[in-house]
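Engineer: Have a look; sequence and predicted model below, questions after that.
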Amino acid sequence: MTAAKSKGELKSLYGASAYLCDGFKEVTGNKAIERYFCREMKAVREFTVSFHDVSSHDGEHYFRWTMRFKLKVPGFKNAAREGVSQRQL
């Protein structure tokens, strides 16, 4: 996935007041989330996300997921982090 494609997908996924917690950092707002992902993805060789469940209430949607990745650092083993994203509709 290219950086430009990622930015477009992030904008369509996260609203202005979105919240992301990925096990490394908590980020609020779609622009902050976009900056965070674009900065962090430069160091990633492989990346996948598996969604486990969705909880919804009064237009608020919470997604629980696991992110698996491998960094471009020689000798780095695969890692996984669990997280949650929030989306308002």
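Structural biologist: Right, received. Where do you want to start?
Engineer: So which elements touch the lengthiest strand in the chain?
Structural biologist: For the chain, the longest strand by residue count, based on DSSP state E, is strand 44-57. Helices and strands touching strand 44-57, by 3 or more C-beta pairs under 8 Å, 6 or more residues apart in numbering; DSSP states H and E, are strand 60-71. The way it works is simple: take the backbone N, C-alpha and C, and place the C-beta from them, glycine included.
Engineer: List the strands paired with the strand it packs on, with their directions.
Structural biologist: strand 44-57 (antiparallel), strand 79-88 (antiparallel) (DSSP bridges).
Engineer: Go ahead and name everything in contact with that strand.
Structural biologist: Strand 60-71 has contacts (C-beta atoms under 8 Å, 6 or more residues apart in numbering) with 22-23, 43-56, 76-89.
Engineer: Tell me who's in contact with K11.
Structural biologist: Contacts of K11 (C-beta under 8 Å, 6+ apart): N30, E34.
Engineer: I misspoke; the intended subject was Q86.
Structural biologist: Q86 neighbours (C-beta under 8 Å, 6+ apart): A18, Y19, L20, E60, H61, Y62, F63.
Engineer: try 7 Å
Structural biologist: With contact set as C-beta atoms under 7 Å, 6 or more residues apart in numbering, Q86 has these partners: A18, Y19, E60, Y62.
Engineer: thought the second one was touching T28?
Structural biologist: Yes: with the criterion set as C-beta atoms under 7 Å, Y19 and T28 qualify as a contacting pair; they are 5.3 Å apart.
Engineer: Below-threshold pLDDT in this protein: ranges please.
Structural biologist: For the chain, the stretches flagged by pLDDT under 70 are 1-8, 89.
Engineer: Please work out how many residues are found near the residue lying closest to F69 once chain neighbours are set aside.
Structural biologist: Leaving aside its sequence neighbours, F69 sits nearest to F47 (C-beta to C-beta, 6 or more residues apart in numbering; 4.7 Å). By other C-beta atoms under 10 Å, the residues close to F47 number 15.
Engineer: Name the helix or strand for G75, please.
Structural biologist: Using DSSP states H and E, G75 is not contained in any helix or strand.
Engineer: No further questions, thank you.
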